[in-house]
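> Fold the stuff below for me.
(one chain, ligands or ions: 1)
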Amino acid sequence: MKAEELIGIRRELHKIPELGFKETKTQQYILDYIQQLPQDHLQIKTWETGVLIKVLGTDATKTIAYRADIDGLPIQEDTGYAFQSTHEGNMHACGHDMHMTIALGALTRLAREPAEQNALFLFQPAEEWPGGALPMIESEQLKEWWPDTVFALHIAPELPVGTISSRKGLLFANTSELFIDFKGKGGHAAYPHFTRDMVLAASQFTVQAQQIVARNVDPLDSAVVTIGKIEGGFVQNVIAENARLEGTMRSFHAETMDLLKEKIEALAKGTEISQECSIKIDYGSNYYQVRNSEKFIEPFQKIVEDNGYHYRDSKPAMTGEDFGYMLRDISGFMFWLGVDSPYGLHHSKLQPNEEALEVGVNVVEASLRRL
Ligand SMILES: CC(=O)N[C@@H](CCC[C@H](N)C(=O)O)C(=O)O
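Numbers count the residues shown, from 1 in each chain. Okay, here's the model as predicted:
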């Protein structure tokens with residue numbers, strides 16, 4: 001498969017980013033693509049908006065799975081690409097178009113020349129929100145095809161193309177989303193003493209939430225509380241009756257996440273009293289940490305180096321991934337694939353270098369043949 005074909009697939013997928021469990025065009029694209037491959041070793045199933053494809057091995061005693069996430073983000077693209085998103089307000093800003101293309105590239109090679117072992121490709125919906133990995137591993141479709149090993153990759157904008165990075169043990173954090181609704185008493189901007197201002201309450205809450213990590217988490221541990229969205233009020237001269245914060249929390253230890261939640265709730269109680277308002281907290285989706293099985297990392301490093309690429313040990317990151325649920329129940333690992341983008345993950349100008357597609361396909365194919 002030529003590099004231009006991979007680039008063509010990536011660009012087609014880049015045009016149609018869809019949010020979690022709404023990936024219908026993406027699913028159809030994958031199903032249509034598979035139809036043009038040799039079918040003799042392929043078995044295909046769908047689950048929700050995802051696709052599972054098994055390539056029967058020539059002398060299989062086990063099944064090795066590669067998981068690619070398929071959803072986009074609610075971000076307005078600003079790359080200036082000629083092939084930019086045709087879905088207003090949505091973008092593949094986390095590289096899932098790259099992840100899927102690499103899966104289709106490796107699948108193409110294996111469909112033409114199967115490995116000894118069974119290879120299972122999991123095109124999984126809803127990684128960003130609300131989480132597709134957990135319901136996928138609970139599905140009948142995956143239970144029937146339960147793999148012995150599973151692995152996945154994530155693009156790494158800060159690494160050069162040709163560099164691949166992973167580590168033994170903990171790779172990504174535990175995560176919890178955070179949605180906080182404030183209700184007070186609105187009124188005329190000139191009569192603040194008759195009101196309970198929720199723009200002010202939400203602003204104070206945002207600032208104080210930044211002290212939770214600074215003054216409660218052991219400095220030798222790590223955690224993050226990020227408020228990514230703040231909404232409130234509707235016009236400049238009315239004091240806001242409602243406000244809403246949206247954010248996410250990250251920790252390396254489950255107990256630290258419990259502590260963050262306890263402190264968020266304490267802060268909410270304090271704010272209810274001081275600002276005379278009511279506050280509702282919703283923790284949304286929670287993802288389990290990504291913990292690599294140690295036994296795969298050295299063989300994987302060898303696969304990377306045998307293919308002529310550079311392997312580097314990585315540090316754990318505060319990113320989250322619902323792939324953590326797969327690794328909780330199936331042994332395997334995740335790795336970073338260098339894509340050398342001047343803009344990072346979740347940025348409206350993320351521009352992964354497409355030369356990384358071939359690197360990804362080579363390493364995924366070799367891993368499915370050799371692990
Ligand atoms: C790799 C990556 O960027 N993953 C996302 C996962 C989001 C989980 C959830 N929606 C949350 O925001 O907590 C990330 O933001 O790390």
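> Please tell me how far Ile180 sits from Asp197.
In this structure, Ile180 and Asp197 are 16 Å apart, going by Cβ to Cβ, to the nearest Å. To be clear about C-beta, it is placed using only N, CA and C from the backbone, and glycine gets the same treatment.
> Mind giving me the packing neighbours of the longest helix seen in the chain?
Of all the segments assigned as helix in the chain under DSSP state H, the longest by residue count is helix 254-275. The helices and strands touching helix 254-275, judged by 3 or more Cβ pairs under 8 Å, 6 or more residues apart in numbering; DSSP states H and E, are strand 174-183, helix 198-216, strand 223-232, strand 242-251, strand 278-282.
> Specify the angle between that helix and strand 278-282 in degrees.
Helix 254-275 runs at 160 degrees relative to strand 278-282, counting by axes from the mean of the first three to the mean of the last three Cα atoms, to 10 degrees.
> Which positions in helix 254-275 come out as buried?
256-257, 259-261, 263-264, 267-268, 271-272, 275 (16 or more other Cβ atoms under 10 Å).
> partner residues bridging the residue in the stretch 51-200 of the chain positioned nearest to the ligand?
Across the stretch 51-200 of the chain, no residue is closer to the ligand than Thr175, which sits at 3.9 Å (Cβ to the nearest ligand atom). According to DSSP bridges, the residues that bridge with Thr175 are Arg250, Tyr287.
> wait, it sits on Arg250?
Yes. Taking contacts as Cβ atoms under 8 Å, Thr175 lies within contact range of Arg250: 5.4 Å.
> hang on, the earlier thing: mean pLDDT and mean neighbour count added to the helices and strands packed on helix 254-275, as a markdown table?
Written out in a markdown table, the entries for the helices and strands packed on helix 254-275 read as follows (pLDDT from 0 to 100; neighbours: other Cβ atoms under 10 Å):
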| stretch | mean pLDDT | mean neighbour count |
| --- | --- | --- |
| strand 174-183 | 98 | 21 |
| helix 198-216 | 98 | 17 |
| strand 223-232 | 98 | 16 |
| strand 242-251 | 98 | 21 |
| strand 278-282 | 98 | 15 |
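> Which of those sits closest to Tyr29?
Nearest to Tyr29, of all those, is strand 174-183, at 28.4 Å by Cβ to Cβ.
> ok now that closest one, how far from the chain's centre?
Taking Cα atoms, centre = their mean, to the nearest Å, the mean C-alpha location of strand 174-183 is offset from the chain mean by 18 Å.
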